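Asker: got a structure for you, letters missing:
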């Protein structure tokens, strides 16, 4: 069974704090690792697609790293803002159409 | 809007009803997906259509019946559902073909289904 695990499940931080979460995925037959951001009552939106070991991607205050050998990715948010409050999902594509998702990390940024 | 539109956003139905969920995309994608999201569980793939042909069917009960009349539209027909089928149903689309890793999914906002 191929599982994608995310931790922590939920997280409350104060505005201005920096934070990070973890996504663990099977390292065998690796294609890519996706991060999605999912605000309440909206659509999940793609943040990053990471494909190479050692990849580091950045979008504004959010960045992500990838270690394919050990099967983990970190998502970092620098100086969290209330608008960063969302559930952050990671997904591991396994085959042409099969994406294995984690249960997500629910972030709440308190003003 | 994300480019993937789902209707209705909320649906309440009895166990004997028949209803349908609709998904529409005009992104030029050639693969469309139905996912089920239950509380505290990962997104669960139900069906995938590529070029209007079903390519994945993840042991979903026959009370869920997908239909893909063209590459822009996807339906999920529902009949004689059970209360445990209450969940958020998400539609997604993507380009298809290998390598799959780069084919990011574009999601709709979901249809929240409650079965009484």
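Answerer: The structure has been received and is ready for your questions. No experiment lies behind these values; they were computed from the predicted model shown.
Asker: where does chain B have low pLDDT?
Answerer: B:1-2, B:97-101 (pLDDT under 70).
Asker: show me the contacts for residue B:57.
Answerer: Residue B:57 sits next to B:46-47 when contact means CB atoms under 8 Å, 6 or more residues apart in numbering or on different chains. (Each C-beta comes from the backbone N, C-alpha and C, glycine too.)
Asker: ignore what I typed, I meant residue B:72.
Answerer: B:24-26.
Asker: kindly report the same for residue A:58.
Answerer: So residue A:58 contacts residue A:64 (CB under 8 Å, 6+ apart).
Asker: checking it next. Helix, strand or coil?
Answerer: strand (DSSP: H, G, I helix; E, B strand; the rest coil).
Asker: what's across from it in the sheet?
Answerer: Residue A:58 forms beta bridges with residue A:63, as assigned by DSSP bridges.
Asker: give me the pLDDT for it.
Answerer: Residue A:58 carries a pLDDT score of 97 in this model.
Asker: the one 5 residues further on now?
Answerer: The predicted local confidence for residue A:63 comes out at a pLDDT of 98.
Asker: cool, residue A:93 as well?
Answerer: In the predicted model, residue A:93 carries a pLDDT score of 88.
Asker: what residues does chain A have near chain B?
Answerer: Taking CB under 8 Å from any CB of the partner chain as the criterion, chain A approaches chain B at residues A:4, A:31-32, A:34, A:36, A:41-46, A:49, A:51, A:89, A:91, A:93, A:95-104.
Asker: about what we covered before: top of the contacts of residue B:72 by neighbour count?
Answerer: residue B:25 (22 neighbours; other CB atoms under 10 Å in any protein chain shown).
Asker: you'd agree it is up against residue B:32?
Answerer: Yes: Residue B:25 lies in contact with residue B:32 (CB atoms under 8 Å); the separation is 6.9 Å.
Asker: of the contacts of residue B:72, which is the nearest to residue B:106?
Answerer: Minimum distance to residue B:106 across the contacts of residue B:72 is 7.1 Å, recorded for residue B:25 (CB to CB).
Asker: what residues are up against the closest one?
Answerer: Per CB under 8 Å, 6+ apart, neighbours of residue B:25: B:3-5, B:32, B:72, B:91, B:93, B:106.
Asker: for residue A:33, same thing?
Answerer: Neighbour list for residue A:33: A:23, A:25, A:49-51, A:66, A:68, A:73, A:90-92 [criterion: CB under 8 Å, 6+ apart].
Asker: can I get the residues you listed in a markdown table with neighbour count, secondary structure and distance to residue B:10?
Answerer: Shown next, in a markdown table, are the contacts of residue A:33 (neighbours: other CB atoms under 10 Å in any protein chain shown; DSSP: H, G, I helix; E, B strand; the rest coil; distance: CB to CB, whole Å):
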| residue | neighbour count | secondary structure | distance to residue B:10 |
| --- | --- | --- | --- |
| A:23 | 28 | strand | 31 |
| A:25 | 25 | coil | 33 |
| A:49 | 18 | strand | 31 |
| A:50 | 22 | strand | 35 |
| A:51 | 16 | coil | 37 |
| A:66 | 24 | strand | 37 |
| A:68 | 20 | coil | 40 |
| A:73 | 25 | strand | 34 |
| A:90 | 29 | strand | 28 |
| A:91 | 25 | strand | 26 |
| A:92 | 26 | strand | 31 |
